[in-house]
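Chemist: all I have is the shape, not the residue letters:
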């Protein structure tokens, strides 16, 4: 199968079944499992650069698209955090049989933490590299901080609200299902222990996930080895050449080479 041709796996049962696209580059451990952000996919700059980096080192790299994203099936408005976590778990279980580093960007950082916690007993999580981790973003960053009373009323009464996007022409549709399901996965109210080292890369000029939010995550991980790097002029994406270099250096260090 060609490097750019995805495999497809079925996740979920009966009416909840989704067709999930996965790109796998075989190689040595530790594997790198990429988890994209909200409304992002595995063809993004950081994901592709990570795949090239891993391939050059002979390191296994796995990428996938959440349902409602990229090449995967499903309707975005029907999906929620529980679905995307289930898909991440399915991809990890099937494609990551050896030690794996979870690399998550924005929402992918939240999902990486949830995945690390749910699969901690496997002993296969070597570490996490998180880029602007949007932990609990549906509740902390959207519902409580950014949404006005009018927006909250619209979501509750109509079941959805179209949020203008700074990253594309299409708006982000925020559903009541997304908000309510997100509450089942909140992490910042408790102390966490993922049992693996965690590296956090955060832009100081990030308008979407403030540096103060990332620091809350650091404080929530007192039992783990956490490295926090603040990029003074960095934005949310951290996709500039110097940001990519920082990311790949962090991944190399986590890999032990």
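Modeler: Received it, and whenever you're ready, just let me know what you need. The model shown is predicted, which means the values in this text are computed figures rather than measured ones.
Chemist: use CA for all of it now, contacts and neighbours both
Modeler: Noted.
Chemist: quick one: residues contacting residue 48.
Modeler: With contact taken as Cα atoms under 8 Å, 6 or more residues apart in numbering, residue 48 is in contact with residue 42.
Chemist: confidence score at it?
Modeler: Reported pLDDT at residue 48 in the predicted model: 97.
Chemist: let's have the chain start at 692 instead
Modeler: Sure, I'll start numbering at 692, so the last one becomes residue 739.
Chemist: mind listing what's buried along the helix or strand that contains it?
Modeler: In the assignment (DSSP states H and E), residue 739 maps to helix 736-748. By neighbour count on 16 or more other Cα atoms under 10 Å, the buried set for helix 736-748 is 737, 738, 740, 741, 742, 744, 745, 746.
Chemist: ok, now stretch 807-814?
Modeler: For stretch 807-814, by 16+ other Cα under 10 Å, it's 807, 810, 811.
Chemist: how far away from the center of its chain is stretch 727-742?
Modeler: Put simply, stretch 727-742 sits 10 Å off its chain's centre (Cα atoms, centre = their mean, to the nearest Å).
Chemist: that one: end-to-end distance?
Modeler: 13 Å (Cα to Cα, to the nearest Å).
Chemist: and what of stretch 874-888?
Modeler: 26 Å.
Chemist: who's in contact with the residue most central in space within the chain?
Modeler: Centroid check for the chain by Cα atoms, centre = their mean gives residue 799 as the closest residue, at 0.6 Å. Residues near residue 799 by Cα under 8 Å, 6+ apart: 726, 727, 728, 729, 821, 824, 825.
Chemist: which of the helices or strands spans the closest residue to the second one other than its chain neighbours?
Modeler: If the residues on either side of it in the chain are set aside, residue 727 comes closest to residue 799, at 4.9 Å by Cα to Cα, 6 or more residues apart in numbering. With the criterion set as DSSP H and E, the secondary-structure element containing residue 799 is helix 798-809.
Chemist: could you look up the next helix or strand downstream of that helix?
Modeler: Assignment by DSSP H and E places the next element after helix 798-809 at strand 816-822.
Chemist: packing partners for that following strand?
Modeler: strand 791-796, helix 798-809, strand 889-894, helix 932-946 (3 or more Cα pairs under 8 Å, 6 or more residues apart in numbering; DSSP states H and E).
Chemist: tell me where the model's unsure across this structure.
Modeler: In the predicted model, the chain carries pLDDT under 70 at residues 692-694, 857-859.
Chemist: how about the strands in the protein?
Modeler: With DSSP state E as the criterion, the chain has strands at 698-702, 709-716, 719-726, 750-755, 791-796, 816-822, 851-854, 863-866, 889-894, 917-922.
Chemist: export the ones you listed as TSV, with columns for distance to residue 941 and mean neighbour count.
Modeler: What follows is these, written out as TSV (distance: least, Cα to Cα, whole Å; neighbours: other Cα atoms under 10 Å):
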stretch	distance to residue 941	mean neighbour count
strand 698-702	28	16
strand 709-716	20	22
strand 719-726	12	25
strand 750-755	15	25
strand 791-796	10	27
strand 816-822	7	26
strand 851-854	33	16
strand 863-866	31	19
strand 889-894	7	24
strand 917-922	10	16
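Chemist: let me have those strands in a markdown table, adding distance to residue 842 as columns.
Modeler: Output for the strands of the chain, formatted as a markdown table (distance: least, Cα to Cα, whole Å):
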| stretch | distance to residue 842 |
| --- | --- |
| strand 698-702 | 32 |
| strand 709-716 | 30 |
| strand 719-726 | 29 |
| strand 750-755 | 32 |
| strand 791-796 | 26 |
| strand 816-822 | 28 |
| strand 851-854 | 7 |
| strand 863-866 | 10 |
| strand 889-894 | 28 |
| strand 917-922 | 32 |
